[in-house]
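Asker: Fold the stuff below for me.
(chains A and B)
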Amino acid sequence: MNTSAVPFLEIDKLSKSFGGVDALKDVSIAVEEGGFLVLVGPSGCGKSTLLNMIAGFEPASSGDIRIAGKSIAGLHPSRRNIAMVFQSYALYPNMTVAGNIGFGMETRGVPKARRLERIAEVASILQIEPLLNRKPAQLSGGQRQRVAMGRALVRDPLAFLFDEPLSNLDARLRVDMRAEIKKLHARLGTTIVYVTHDQIEAMTLATKIAVLKQGCLQQVGTPDEIYSRPANTFVADFMGSPAMNRLTVSLEESAAGLNLLFGRFRLPLAAPASALLDRCRSGKAVEFGIRSEDIAQVENSGTDRPSLDLTVELIEPTGSDTFLETRDEAVHFTARVANQCRVRVGDTVPLEFDMSKAHFFDSESGQRIC
Amino acid sequence: MRQSDTLPEARSSGAAVVQRGFNWQRIVLYIILLLFAVYYLLPLYVMLVNSFKPLAEIRGGDMLALPGTWTTAPWASAWSTAQIGVQATGLKPYFINSILMVVPAVLISTVLGALNGYVLTKWRFRGHGVVFGLLLLSCFIPFQIVLIPMARMLGLLGLAGTTWGLVIVHVVYGLGFTTLFFRNYYEAFPTELVRAAQMDGAGFFRIFFRILLPSSGPIIVVSVIWQFTNIWNDFLFGASFADVDSVPMTVALNNLVSSSTGVKEYNVHFAGAVLAALPTLIVYVVSGRYFVRGLMAGAVKG
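Answerer: Take a look at the predicted model:
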């Protein structure tokens, strides 16, 4: 998709099996230099295994990993010129913050004066100068996180690996640190591979997202591509909160295009894609998906967007927006409406659908049709 | 360990007992505990009291009475002049023998156990479970079974009858226990730390000495106490493998007490026995409180 950029980190047909169980199947991803790749998926999807293979802790069953065109698959973790921030931070408990940051240079025989210089540099970037003589046990979660990043930073590596670095922080701090990681990336311009199960982290940080499920790559793309053109129902459900509205509909040809039929409703779709028309002609049902923000309250009846009268079952104000959950027998939608809407539970309100943002998936395979 | 998890009702009723102060259950409990304490401490009392009496007073009959005239002569005799075997050297040279045997044996078996534990948890290889199982099994082999093969082995090594021979025997026998201690301790040690150190370019030994060992204080104490007590108190190997100039304290004490020439100097025997028990006692007093803590550290997660 980002074909213009030269790939810097290439994951090429990588597979890994543990005693006959496939943890990773034939995964290929390429990132340009300075890119921010986020590996996202539910637990057990293989994202951490993939990260450990890039780091060199797990050998690949087959496939290759290259950085700047050179294979690193056979190299020891210390020779890959990659730095990692671990989920538990993995700070050496018996060393001071300065000792932690400097340990890598110490093992590589960097002279002490140079070491102290680099430690001071990194400490000033991360604003941890006052902590340099403390032990990890005396630090708060956010401070430990910074020290762990400092230890990675000081190496000046070709790429950073982050393994769910924010999962041990409380909600408030997580948002702050997320922003800091993003700023740090903008400042350093070093390639980052970042593992998370949090789709918001993935959306906010990534230049490229790879969605994994049970060891299989589902989709690779920019956050926008992943969000607005999910490759299948798994990606559609996983990315975005609240989850995309999805229901099985049957199709009917009409003068203007197509009608979607579900429950007692009929929703017109103008100018349908040819792939969808083919489905209609073969008489197959499809999966219709639409995000909550693409369903809105009818404000003036001047638009040509189709609308449905739906009964409100639940109102969830979040402050900035309000989510309306509607239900009509088996038909269930969540709509995002303006905060000041005056709707009560049980009301039937007209809601209009932005059909240009509609998604259609094969109801059997779950693959995107259009 | 689990007491904090008890139900709220149980906790509040416990608090009620404290508030009511003495009740008959508690009094009975303390009386029983006191009786047991006296029962266990009585031999020590007898030993101490009689070691400060002149021999005539002991022959007078009352073992439990305090000394009429206090004397330290039995202690001096036990330490430097008592007849042990053929010579009147006291226990002193044997005490030194024991120290020369115990210190290297404890250090070597602890270091090797730590290395074993490190490899068995952080550098796993195919069959690591079997190796650990075999090492554990060595804890259950009775001493008597290996006496003859061990004697033969020490002979072949040219170490028969030497202090270093005894050191080897004790290292081999202690390895199973020390490995068990350190393996369980390192099992709970976060592997991410080892990985972080690997990324930082640290090798096998640097990770061991810089990352793991500095965090191993409690389990080192356990290993040292365990090994020190066992090796110091060992009689069988000392009696079987030691020569004239490597006889350890325990064997010498036996020789002192069971020597059959002349009168039985009970006061000297008592003093000698206390001298023999003193080092282990000191080790326990100095580091005993770490012992239970360290033992639990590996066994209970969290």
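
Asker: all contacts plus neighbour counts: C-alpha atoms, from now on.
Answerer: Fine.

Asker: Of all the residues in the stretch 101-250 of chain A, which one is nearest chain B?
Answerer: In the stretch 101-250 of chain A, the residue that lies nearest chain B is A:Gly104 (4.1 Å; C-alpha to the nearest C-alpha).

Asker: Doesn't A:Glu352 belong to a strand?
Answerer: Yes - the assignment for A:Glu352 is a strand, going by DSSP: H, G, I helix; E, B strand; the rest coil.

Asker: That one and B:Trp70: what is the separation?
Answerer: According to C-alpha to C-alpha, to the nearest Å, A:Glu352 and B:Trp70 sit 106 Å apart.

Asker: And for A:Asn52?
Answerer: From A:Asn52 to B:Trp70 the distance is 73 Å (C-alpha to C-alpha).

Asker: now A:Val345
Answerer: Counting by C-alpha to C-alpha - A:Val345 and B:Trp70 are separated by 97 Å.

Asker: Next to chain A, which bits of chain B? Give me the list.
Answerer: B:190, B:192-193, B:195-202, B:211, B:214-215 (C-alpha under 8 Å from any C-alpha of the partner chain).

Asker: any idea whether A:Glu10 is helix, strand or coil?
Answerer: Applying three-state DSSP: A:Glu10 is strand.

Asker: Ramachandran coordinates for the spatially closest residue to it that is not a sequence neighbour?
Answerer: Leaving out its chain neighbours, the residue that sits closest to A:Glu10 by C-alpha to C-alpha, 6 or more residues apart in numbering or on different chains is A:Ala30, at 4.4 Å. Per-residue torsions, A:Ala30: phi -130, psi 140 (degrees, to the nearest 10).

Asker: right, and A:Ala30 touches A:Lys13 too?
Answerer: No - between A:Ala30 and A:Lys13 there is no contact under C-alpha atoms under 8 Å: 10.8 Å.

Asker: Between the two, which is the more surrounded one?
Answerer: Neighbour count, other C-alpha atoms under 10 Å in any protein chain shown: between A:Ala30 and A:Lys13, A:Ala30 has more, with 23 against 15.

Asker: residues contacting the more buried one?
Answerer: Residues near A:Ala30 by C-alpha atoms under 8 Å, 6 or more residues apart in numbering or on different chains: A:7-11.

Asker: For A:Arg108, state which of those residues is nearest.
Answerer: A:Leu9 (24.7 Å; C-alpha to C-alpha).

Asker: how near is the closest residue in space to the closest one that isn't next to it in sequence to chain B?
Answerer: Take A:Leu9 and drop its neighbours on the chain: the residue closest to it by C-alpha to C-alpha, 6+ apart is A:Ile67, 4.6 Å away. Distance, A:Ile67 to chain B, using C-alpha to the nearest C-alpha, to the nearest Å: 17 Å.

Asker: what's across from A:Ile67 in the sheet?
Answerer: Beta-bridge partners of A:Ile67, counted by DSSP bridges, are A:Leu9, A:Lys70.

Asker: quick one, helices of chain A?
Answerer: Under the criterion DSSP state H, chain A contains helices at A:47-55, A:97-107, A:112-126, A:141-153, A:171-188, A:199-205, A:223-228, A:233-238, A:274-281.

Asker: can you redo those helices as JSON lines with mean pLDDT and mean neighbour count?
Answerer: Shown next, in JSON lines, are the helices of chain A (pLDDT from 0 to 100; neighbours: other C-alpha atoms under 10 Å in any protein chain shown):
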{"stretch": "helix A:47-55", "mean pLDDT": "92", "mean neighbour count": "23"}
{"stretch": "helix A:97-107", "mean pLDDT": "92", "mean neighbour count": "23"}
{"stretch": "helix A:112-126", "mean pLDDT": "91", "mean neighbour count": "16"}
{"stretch": "helix A:141-153", "mean pLDDT": "90", "mean neighbour count": "23"}
{"stretch": "helix A:171-188", "mean pLDDT": "91", "mean neighbour count": "14"}
{"stretch": "helix A:199-205", "mean pLDDT": "92", "mean neighbour count": "19"}
{"stretch": "helix A:223-228", "mean pLDDT": "94", "mean neighbour count": "17"}
{"stretch": "helix A:233-238", "mean pLDDT": "93", "mean neighbour count": "21"}
{"stretch": "helix A:274-281", "mean pLDDT": "88", "mean neighbour count": "14"}
